[in-house]
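Visitor: Okay, here's the prediction I keep looking at, along with the sequence it came from:
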Amino acid sequence: FQGVPGAAGAGGNGNAGAAGAGATSGGDDALHTNALGGSDHVSTAFIYRDALLAARTRLRVKMEHMQQFDKDLAECLIERPSEYLEQLELAAADVLAASRHREDNGEEPERTPVQVLLYSDSQFGPSTMRNLTSENVTKLVRVSGIVIGASKAKAKATAICVRCKDCLGVMFCPCKPGFGGVQLPRTCHLANNVEPGAKPCSLDPWVVQPEKSQYIDQQTLKLQEAPESVPSGETPRSLTVAVDRALVQRISPGTRVTMVGIYSIFTSQDSKAGSKVASVAVRNPYLRCVGLEAESNASGYDETFSAEEEAEFRAFAQREDCLEQIFARVAPSIFGHDDVKRAVACLLFGGGRKSLPDASRLRGDVNVLLLGDPSTAKSQFLKFVERTAPVAVYTSGKGSSAAGLTASVIRDASSGEFYLEGGAMVLADGGVVCIDEFDKMRPEDRVAIHEAMEQQTISIAKAGITTVLNARAAVLAAANPPSGRYDDLASASENIELQTTILSRFDLIFIVKDPRNYERDVQIASHVINVHKEAREAEAIDGTMDDAAMGMLSDESRRDPKQDFLKRYVTYARRNISPRLTARAADLLEGRYVQLRSRIRSRIARRDEDAPAVPITVRQLEALVRIAESLAKMQLRREVTEEHAIMAWELFHQSTMQAAEAGVHTAALSSEQREEVILAEEALRQRLAVGAARGERLLLDEMVRTGFDPRVAKRAMVSMIQRGELEHRGARKLVVRTSA
């Protein structure tokens, strides 16, 4: 970029005069830049003037262009942004007024203020908000993170009109930007030319005139470090952000953003009793945002791939053993569980999101549930996904609430107003949510994520805040059966004690068992011992580093190049590949699904067995489509072939269908036993009124004392829980009847 000759002059080529009395010539000249082509030829296009005429009230300025035009001016803007940004906005307003003056045939146009928004592709200042210190106060910084909270829009005064109640003089007092206010003078100097002997104005004579004051919109955001960038063992750092004018109500919680702003300080107005006597030298930091860019795909920040990397990815996808190589790189430290590894790979790559003509969306993320015995590496799969997925949040079901998983409304301690704060599903937008101990969650908390798992949105209607947040995340959950271990002598309904409403939202459900087999035990023992022998120990430094730094260094030292390649490959495939079904693949999946539904319907009609523990609905057909799309995405294919559809069907049959058919089938019950179960259910209804709660053990003992078989009584209770008539409460010790 370079300035147009004569642009700063009064005549020039008609592109502006001086920026005004307060504007610097450098800030004015920076607006009169023209684009350079591929050679030294200077184009006649004025990109910033054209953008200013198109937007009228705002202008986006790239910091790299400012540095190319004048490095000293760019450095001054970074070091003293409050001063130079104001001059830049004045210069932009003058350029707009001059351009409109020519357009309006010489008539004097109304001078409108212009907001200058800064953005940059390169990093300047501290790289993360964790590194912001007192040295960065009043300087321009660039930070990235995820917005977890947003307040309501408020009116911020830019100039307060005050009137003296004695002399009736009027004065305008400019307000500081951001969270800054205004300090009114104690005395009135408007009536200096009063007659001799006249009574001067009293002390503090000012009366605010709200109708004559000037205002802009302002909103407060809460910016937090992205989950994947938080060091191990550390708490995510957060920062209060003030946005105004064109940036208000543009960002919702859960959006990943890169902000350019002025690192500032303000005095906290805490309502606690001892706050007024607090130290006057202590200030709270905040970021006054002067430009932001939102991540549209919510798939991480590392979005640049070199030509060599893309060529390497394409070559890898053309290999005949591409799928086998990907499956082998999924949790290589875990022995066996090949089907689970295929499912985890499908979850990492995911299918394609689709938008319908009626503006509704179909999810493309694959949800997986691992249910089975302890010590079968379920949690290790979750931890692997947390490390490998571009965006991932790990949580435990026992310590997670509905608000913590979805979103909550928080009251601000200083202002007393409510603002929205996103939970784990919102923070993982565009990635994966790993929920361990899924069966330990309270039923009402599991119900809260129903919408997030299927519609991939979270609806909030609390404290006057009604909104919808994006939760476009896959769910990988691990759970144990009710008895702790999987009971082969029990039916699938007794082992899978989750409601069908939540089970139908999982695309793949695996029963992970720990079989007692001598040969398998020898293989597992040998594999585990080899893993421990080949594990590289973290290099001891000298004992001067803290535990967090040692943990970060050990993670770097143990990083596997194959895992780094897999993470980058997953990111590339999720961003650039969106496969679609071919006609033959669609016909195959459609035919298999119809046959499966027909077979289950005929069994139920003959009363050979009850409805399966895992329902087979249209959601399972959509799951087959998503799994096939994910397999095609692993090979960077634009189309889903018949081979991918067959592999998807086999994986679905080996997981969800086997989980539904595992254990002792209800068909093994005779007609007399079925009648006993029905009688036991009726006895439970008589002993437990709607809304009443009793201990599960006491209720079963009472049923046994009245003559019911213990297994029949337990089976009846499980059936009622599956239908939603009963619920477990109090760490599964209490049974509550919820419906008639």
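Guide: The structure has been received and is ready for your questions. Since we're looking at a predicted model, the values are computed, not measured. Numbers count the residues shown, from 1 in each chain.
Visitor: tell me the SS of residue 260?
Guide: Three-state assignment for residue 260 (DSSP: H, G, I helix; E, B strand; the rest coil): strand.
Visitor: per-residue confidence at residue 331?
Guide: Note on residue 331: pLDDT of 86.
Visitor: what number of residues lie near it?
Guide: Residues lying near residue 331 (other Cβ atoms under 10 Å) number 23. C-beta: built from backbone N, CA, C; applies to glycine.
Visitor: That one contacts residue 384, doesn't it?
Guide: Yes - between residue 331 and residue 384 there is a contact at 4.4 Å, judged by Cβ atoms under 8 Å.
Visitor: any common contacting residues for those two?
Guide: residue 344 (Cβ atoms under 8 Å, 6 or more residues apart in numbering).
Visitor: what residue ranges in the stretch 401-550 of the chain score low on pLDDT?
Guide: 413-415, 486-495, 535-550 (pLDDT under 70).
Visitor: hey, where'd the strands end up in it?
Guide: 407-411, 418-422, 432-436, 457-462, 465-470, 474-479, 508-512 (DSSP state E, counting those that start in this stretch).
Visitor: Please tabulate these in CSV, including the columns distance to residue 716.
Guide: CSV is the format used below for those (distance: least, Cβ to Cβ, whole Å):
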stretch, distance to residue 716
strand 407-411, 38
strand 418-422, 41
strand 432-436, 30
strand 457-462, 36
strand 465-470, 40
strand 474-479, 23
strand 508-512, 23
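Visitor: Can you say which of the ones you listed is nearest to residue 629?
Guide: strand 474-479 (13.1 Å; Cβ to Cβ).
Visitor: so how far is that closest one off the chain centroid?
Guide: 17 Å (Cα atoms, centre = their mean, to the nearest Å).
Visitor: And the contacts of it?
Guide: 344, 347, 350, 365-371, 378-379, 381-382, 385, 397, 431-439, 449, 453, 498, 506.
Visitor: Put the alpha carbons of it into PDB.
Guide: C-alpha atoms of strand 474-479 as PDB (Å, rounded to 0.1, in the frame of the first residue of the first chain):
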ATOM      1  CA  ALA A 474     -20.600 -35.100  19.400                       C
ATOM      2  CA  VAL A 475     -21.100 -37.000  22.600                       C
ATOM      3  CA  LEU A 476     -18.900 -39.900  23.800                       C
ATOM      4  CA  ALA A 477     -20.300 -41.400  27.000                       C
ATOM      5  CA  ALA A 478     -19.100 -44.200  29.300                       C
ATOM      6  CA  ALA A 479     -21.400 -46.000  31.700                       C
END
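Visitor: What pLDDT is listed against residue 347?
Guide: pLDDT at residue 347 comes out at 92.
Visitor: Leaving out chain neighbours, which residue sits closest to it?
Guide: Among residues not flanking residue 347 along the chain, residue 366 sits closest, at 4.7 Å (Cβ to Cβ, 6 or more residues apart in numbering).
Visitor: So the one you found sits against residue 350, correct?
Guide: Yes - counting by Cβ under 8 Å, residue 366 touches residue 350, with 5.8 Å between them.
Visitor: got any residues that touch both of these two?
Guide: With Cβ under 8 Å, 6+ apart as the test, residue 366 and residue 350 both reach 474, 626, 630.
Visitor: burial of the first one, as a residue count?
Guide: By that I understand residue 474. 29.
Visitor: Distance check, it against residue 181.
Guide: 46 Å (Cβ to Cβ, to the nearest Å).
Visitor: Same check on residue 689?
Guide: 60 Å.
Visitor: These two: which is more packed in?
Guide: Neighbours were counted for residue 689 and for residue 181 using other Cβ under 10 Å; residue 181 has more, 14 against 11.
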